[in-house]
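Participant: here is the input, now give the coordinates:
(one chain, ligands or ions: 1)
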Amino acid sequence: MDFALSDEQRMILDYGDQLAKTYDREYWLAKAEKHEFPMEMWRQAGEDGFIGVMVPEEYGGAGLGMMELCLLMEGLANNGVPLLFLVVTSAMSLGYLAEYGTEEQKRKYLPDACTGKKNFCFAITEANAGSNSMKIQSIAKPVGNDRFLLNGSKTFITGADVADYGLVVTRTTPFAEAASKTDGFTLFIVDMNAKGVEKQPIDISIKAPEMQFQLFFDDVELTQDDVIGEVDKGFDILFDTLNPERIMVAAMGIGLGRYAIDQAVEYTRDRVVFDVPIGSHQGLQHPLAAAKTEIEMASLMTHKAAWAFDQGQPAGEYSNMAKYFGAEAAIHAVDAAVQCFGGNAFTKDYGIFDIYPLVRLLRTAPINREIILSYIGQHVMGMPRSY
Ligand SMILES: Cc1cc2nc3c(=O)[nH]c(=O)nc-3n(C[C@H](O)[C@H](O)[C@H](O)COP(=O)(O)OP(=O)(O)OC[C@H]3O[C@@H](n4cnc5c(N)ncnc54)[C@H](O)[C@@H]3O)c2cc1C
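Facilitator: Sure, this is the predicted structure:
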């Protein structure tokens, strides 16, 4: 067993670190304040070949794996610069396309997506279905031989404003008529500027550059060329590839946790009350040390999940555990850091409290803690289904 990173993996971690120093936390916060997408940074990552880390080289990517994409996220988030769009685009959309797209789709979409010239968002969530994706109601009704008309809506779709295309999960057979509850789903590539697509921003109380949107589809015309995989069989590939999302979210939480701990360690060395640096008080030191331990343990599980995914082994168990613990460890870490800063934690100058909403989000989205624990209870431990 070898826990060391290869030279190439170390280089990717360092690249993330460097990119986050060029486009640093100050840059990220300025963008976050205005909810303005960090396009210069995104394009830079694309030009340097890092958006398509997992895309084969013949389609413009780097031909690397989940571990490398995960390390890129860690390198960025370690500096307090999480790039949420890497989850939505690089791990989710481009991953699906590279794995399940037709040759024509891969040639058409991937090269420009890898450079950041064309962007993808990923849309599954619907207001009425929530965590129960089986109950989504948007539907692309087959019309004639190879056409479909898409109707319905999606909610909380990250980066829909800067996306040229959306990977949209929709029904092609209504729930009531499907052979089983997982049957009747299809994944489509939808042109976000097509007739019948409308976007409405959602106001979110989280400091992040990426915006969230409601999408409305009104008779959007699609063809067989827009289908990824097989009509009605989208669920099989969908659940195969949600693991990268879990791994990336864990990596983001881990990086942000490390960033918060680093800031707190520095602050508690310098801040003196009652004649000694506050870091010497175990009341602050131990929660930070415990948080550091949790973060590094979460990192181990996240790397194990990425490794299993890259080996083509079942990665659901490790990915779900990594997502659960990555989010929890990040919340604990930021909470411990906030305590160290006292009142200063809540000032804009120090910006520590700003990290909290983002890591707290990770417990809920893109998949909530309870669904993750149910997965572990049922699929890993063999306990009875709870829903
Ligand atoms: C900032 C942000 C970005 C997002 N980006 C995207 C995106 O790009 N694309 C996309 O498709 N979606 C996106 N989402 C949606 C996200 O995936 C959902 O919000 C999330 O899956 C939870 O669904 P819900 O909000 O409908 O919560 P609900 O399903 O209403 O659940 C509410 C709460 O109930 C509990 N709960 C639900 N079911 C169970 C159960 N079976 N057992 C125990 N407890 C349960 C959970 O604690 C959950 O937090 C985003 C959301 C946010 C906030």
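Participant: buried set for the helix or strand containing Leu362?
Facilitator: Assigned by DSSP states H and E, Leu362 falls within helix 355-364. For helix 355-364, the neighbour count (16 or more other CB atoms under 10 Å) marks 355-356, 358-359, 361-363 as buried. No exception for glycine: its C-beta is placed from N, CA and C like everyone else's.
Participant: that one near the ligand anywhere?
Facilitator: Yes - residues of helix 355-364 are located near the ligand by CB under 6 Å from any ligand atom, namely 361, 364.
Participant: for that helix, packing partners?
Facilitator: helix 243-270, helix 316-340 (3 or more CB pairs under 8 Å, 6 or more residues apart in numbering; DSSP states H and E).
Participant: one step back: looking at the buried residues of helix 355-364, which is nearest the ligand?
Facilitator: The closest of those to the ligand turns out to be Leu361 (CB to the nearest ligand atom; 5.6 Å).
Participant: now for the closest one: which residues touch it?
Facilitator: Ile206 (CB atoms under 8 Å, 6 or more residues apart in numbering).
Participant: what do you get for Tyr356?
Facilitator: Tyr356 neighbours (CB under 8 Å, 6+ apart): 331, 334-335, 338.
Participant: please apply the same query to Phe235.
Facilitator: 182-183, 185.
Participant: show the buried residues in those residues.
Facilitator: The buried subset of those - by 16+ other CB under 10 Å - is 183, 185.
Participant: could you check the pLDDT of Thr293?
Facilitator: Per-residue confidence at Thr293 stands at 98 (pLDDT).
Participant: now do the nearest residue to Phe175 once chain neighbours are set aside: how many residues are near it, please.
Facilitator: Spatial nearest neighbour of Phe175, chain neighbours left out: Lys135 (6.4 Å); criterion: CB to CB, 6 or more residues apart in numbering. Counted with other CB atoms under 10 Å, the neighbours of Lys135 add up to 13.
Participant: got it, and Ser386?
Facilitator: Count around Ser386 with other CB under 10 Å applied: 10.
Participant: quick check: Phe3 is in a helix.
Facilitator: No - Phe3 is assigned coil when assessed by DSSP: H, G, I helix; E, B strand; the rest coil, not a helix.
Participant: where does pLDDT dip in this protein?
Facilitator: With pLDDT under 70 as the threshold, the chain has low-confidence stretches at 240.
Participant: so which residue of this protein comes closest to the ligand?
Facilitator: Closest point on the chain to the ligand, by CB to the nearest ligand atom, is Gly130, at 2.6 Å.
Participant: thinking again about what came up before, just the buried residues from the contacts of Tyr356, in PyMOL please.
Facilitator: To isolate in PyMOL the members of the contacts of Tyr356 that are buried, counting by 16+ other CB under 10 Å, one can use:
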select buried, resi 331+334+338
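Participant: which two in the contacts of Tyr356 are spaced the farthest apart?
Facilitator: Ile331 and Val338 (10.6 Å; CB to CB).
Participant: near the ligand, which residues of the stretch 51-200 of the chain?
Facilitator: 88, 122-125, 130-131, 156-158.
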